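Asks: let's see this in three dimensions:
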Amino acid sequence: MALSPADVTQLAAVDSARAARVLSEVRSATLSGQRAPVAPRPVIEQSWERMLRGGVDPEHGFRSGLLSREEVERRRETTTLKHVLPVLREGLLSVADVAHHIMVVADEQSRVLWREGSSPVLRKADGLGFELGADWREDVVGTNGVGTPAVVRRPVQVFASEHFVRSHAGWTCTGAPITDPRDGRPIGVVDVSGPLETMHPATLAWVDSVAKLAEARLRELHVASLEQLRAVAAPVLARLAGRAVVVDRNGWTAAVTGMPYTNRIALPKSLSPGRRWLPSLGLCALEPLPGGWLVRAADEPVPRGATRIVLDLTQSRRWWVTASGPAGSWSHELSPRHAELLYLLALHRTGRSAAGLAEDLFGDPGRTVTVRAEMSRVRRYLGGLLEHRPYRFCEDAEVEVLLPADRHDLLPCSTAPTVVAARAAAEAD
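Replies: Residues are numbered from 1 along each chain as shown. Model (predicted):
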């Protein structure tokens, strides 16, 4: 009796070896231009066509260079995926490990950032190059459970010889894309992979459901961040006349005054304090707030004035940064590490590279991953007041550092070489 593509998928659940043989025949016939015993599933056939057009070799797998461990760590710190990793682990890992699967999380470029699950399967994955930092784009390694869902923007299960490259035929892979609910932008793929005998049709729905839970978590975080920004915005807007809106860094509205509420304001990709033309509001004045921007429509002349940043290090255990502009001021309490970083940037107004800050903090210019991660956190509340490449305060800001009366009390718990040197210089004086 002839099989249909759907029959082969069902057959794999009860007789994976036979289903794999059928799909091997389908792959060989299709790639040689002959009539296949069963037509490939449309999503697989379309992927194979892309691979043939792109010149991917079906008989010899290709491995592009792995990302360095430092680059993997940097991407982990900067990707939105890190916020949903607990959801993915809770929804997938316990079952994946028992079922001899691994969970793989890749970023929007299909680079593998996390791999967890069955230890024997992880070792087998190493043999395929399915490692941390690996490039698993479809046009690099062929039809697969990471790169193909990223291309078609929907969940895909790839079983046995549905993989375009022969060396992957011993695997079953099921992946689902994860998108940022704020703008629909793809941020990565979660994949569950294992030996072909572990294939089950229900895996597709399972992985897709967990991916949707991850997106729901991102929506919750988005709402929570807008609530935090709204609390900052309320006293600022209360002092203003005319039209103004407070938005997050992606333009989502937290609060408005003097104008109708709109969900989102279109912002340029690169923002800095000052006057800007926005399509929906015309000429506006922009001021950074913790986690977002104050946007004031210029219906009337907007008061001019440079932003003033005061770094208060006078106390021995609590430190603050205060930003003041035409619309008022706001303050943020600093962690010890952030107090150190902002002190260093105040010393180096022309800027400091990640390596330079690492040397200032740790005496080791190689510890750039830690520096970049912390600076990413600082930028969440200082926003447009900080620039990077190199890291520095924006040029038009006035920066003042308030130091303790006794310089021996400057960040007393800090072991950063630059801070220790400053305390030693005070003692020498």
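Asks: for the stretch 251-400 of the chain, what spans make up the strands?
Replies: If DSSP state E, counting those that start in this stretch is used as the criterion, the strands of the stretch 251-400 of the chain fall at 253-257, 274-278, 282-289, 292-297, 308-312, 319-325, 328-334, 386-387, 392-393, 398-402.
Asks: for those strands, which one ends up most surrounded?
Replies: Most buried of those by mean neighbour count (mean count of other CB atoms under 10 Å) is strand 292-297; its value is a mean of 25. Bear in mind the C-beta positions are built from the backbone N, C-alpha and C, glycine included.
Asks: reformat the strands of the stretch 251-400 of the chain into JSON lines and put mean pLDDT and distance to H222 next to each item.
Replies: As requested, these are exported to JSON lines (pLDDT from 0 to 100; distance: least, CB to CB, whole Å):
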{"stretch": "strand 253-257", "mean pLDDT": "93", "distance to H222": "11"}
{"stretch": "strand 274-278", "mean pLDDT": "80", "distance to H222": "21"}
{"stretch": "strand 282-289", "mean pLDDT": "86", "distance to H222": "17"}
{"stretch": "strand 292-297", "mean pLDDT": "90", "distance to H222": "12"}
{"stretch": "strand 308-312", "mean pLDDT": "90", "distance to H222": "28"}
{"stretch": "strand 319-325", "mean pLDDT": "85", "distance to H222": "24"}
{"stretch": "strand 328-334", "mean pLDDT": "80", "distance to H222": "21"}
{"stretch": "strand 386-387", "mean pLDDT": "84", "distance to H222": "23"}
{"stretch": "strand 392-393", "mean pLDDT": "90", "distance to H222": "29"}
{"stretch": "strand 398-402", "mean pLDDT": "90", "distance to H222": "32"}
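Asks: of all these, which one comes closest to S414?
Replies: For S414, the closest of these is strand 319-325, at 10.7 Å, according to CB to CB.
Asks: what's the angle from the helix or strand harbouring A216 to strand 328-334?
Replies: Per DSSP states H and E, A216 falls inside helix 202-238. Interaxial angle of helix 202-238 relative to strand 328-334 (axes from the mean of the first three to the mean of the last three CA atoms, to 10 degrees): 130 degrees.
Asks: pull out the buried residues from helix 202-238.
Replies: Of the residues in helix 202-238, 203-204, 206-208, 210-211, 214-215, 217-218, 222, 225-226, 229, 232-233, 236-237 count as buried by neighbour count, 16 or more other CB atoms under 10 Å.
Asks: and for stretch 126-141?
Replies: Neighbour-count burial for stretch 126-141 flags 128-138, 140-141 (criterion: 16+ other CB under 10 Å).
Asks: columns pLDDT, distance to M51 and secondary structure on top of those, output as TSV?
Replies: Below are the buried residues of stretch 126-141 laid out as TSV (pLDDT from 0 to 100; distance: CB to CB, whole Å; DSSP: H, G, I helix; E, B strand; the rest coil):
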residue	pLDDT	distance to M51	secondary structure
L128	89	17	helix
G129	90	17	coil
F130	92	18	coil
E131	93	22	coil
L132	95	25	coil
G133	95	23	coil
A134	95	18	coil
D135	95	15	strand
W136	95	14	coil
R137	95	11	coil
E138	95	7	helix
V140	92	10	helix
V141	93	10	helix
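Asks: quick check: mean pLDDT of the helix holding A216?
Replies: Mean per-residue pLDDT for helix 202-238: 93.
Asks: so where's the stretch 301-429 of the chain shaky on pLDDT?
Replies: For the stretch 301-429 of the chain, the stretches with pLDDT under 70 are 301-306, 326-328, 426-429.
Asks: now do V146 against T80, distance only.
Replies: Distance, V146 to T80, by CB to CB, to the nearest Å: 17 Å.
Asks: who has more neighbours, these two?
Replies: Between V146 and T80, counted using other CB atoms under 10 Å, the more crowded position is V146 (29 against 17).
Asks: check contacts around the closest residue in space to that one that isn't next to it in sequence.
Replies: Excluding the flanking residues, the one nearest V146 by CB to CB, 6 or more residues apart in numbering is W136, at 4.2 Å. By CB atoms under 8 Å, 6 or more residues apart in numbering, the residues touching W136 are A106, S110, R111, V112, F130, N144, V146, G147.
Asks: re the thing from before, okay, the strands of the stretch 251-400 of the chain in CSV with distance to L85 next?
Replies: CSV is the format used below for the strands of the stretch 251-400 of the chain (distance: least, CB to CB, whole Å):
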stretch, distance to L85
strand 253-257, 26
strand 274-278, 35
strand 282-289, 28
strand 292-297, 25
strand 308-312, 34
strand 319-325, 30
strand 328-334, 27
strand 386-387, 27
strand 392-393, 32
strand 398-402, 36
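Asks: between the ones you listed, which gets nearest to V72?
Replies: Using CB to CB, the strands of the stretch 251-400 of the chain put strand 386-387 closest to V72, at 24.9 Å.
Asks: any idea how far that closest one is from the chain center?
Replies: Its chain's C-alpha centre and that of strand 386-387 lie 19 Å apart, by CA atoms, centre = their mean, to the nearest Å.
Asks: listing partners with orientation, what would you give for that strand?
Replies: strand 392-393 (antiparallel) (DSSP bridges).
Asks: before we move on, the earlier item: out of the strands of the stretch 251-400 of the chain, nearest to R243?
Replies: Closest among these, using CB to CB: strand 292-297, at 3.9 Å.
Asks: what are the buried residues along stretch 150-158?
Replies: The neighbour-count check on stretch 150-158 (16+ other CB under 10 Å) flags A150, V151, P155, V156, Q157, V158 as buried.
Asks: just the ones of those in helices?
Replies: Under the assignment DSSP state H, these contribute A150, V151 to helices.
Asks: reformat the buried residues of stretch 150-158 as a markdown table; add pLDDT.
Replies: A markdown table is the format used below for the buried residues of stretch 150-158 (pLDDT from 0 to 100):
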| residue | pLDDT |
| --- | --- |
| A150 | 96 |
| V151 | 96 |
| P155 | 97 |
| V156 | 95 |
| Q157 | 93 |
| V158 | 94 |
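Asks: export the buried residues of stretch 150-158 to JSON lines and tack on distance to L122?
Replies: Shown next, in JSON lines, are the buried residues of stretch 150-158 (distance: CB to CB, whole Å):
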{"residue": "A150", "distance to L122": "22"}
{"residue": "V151", "distance to L122": "25"}
{"residue": "P155", "distance to L122": "23"}
{"residue": "V156", "distance to L122": "22"}
{"residue": "Q157", "distance to L122": "20"}
{"residue": "V158", "distance to L122": "19"}
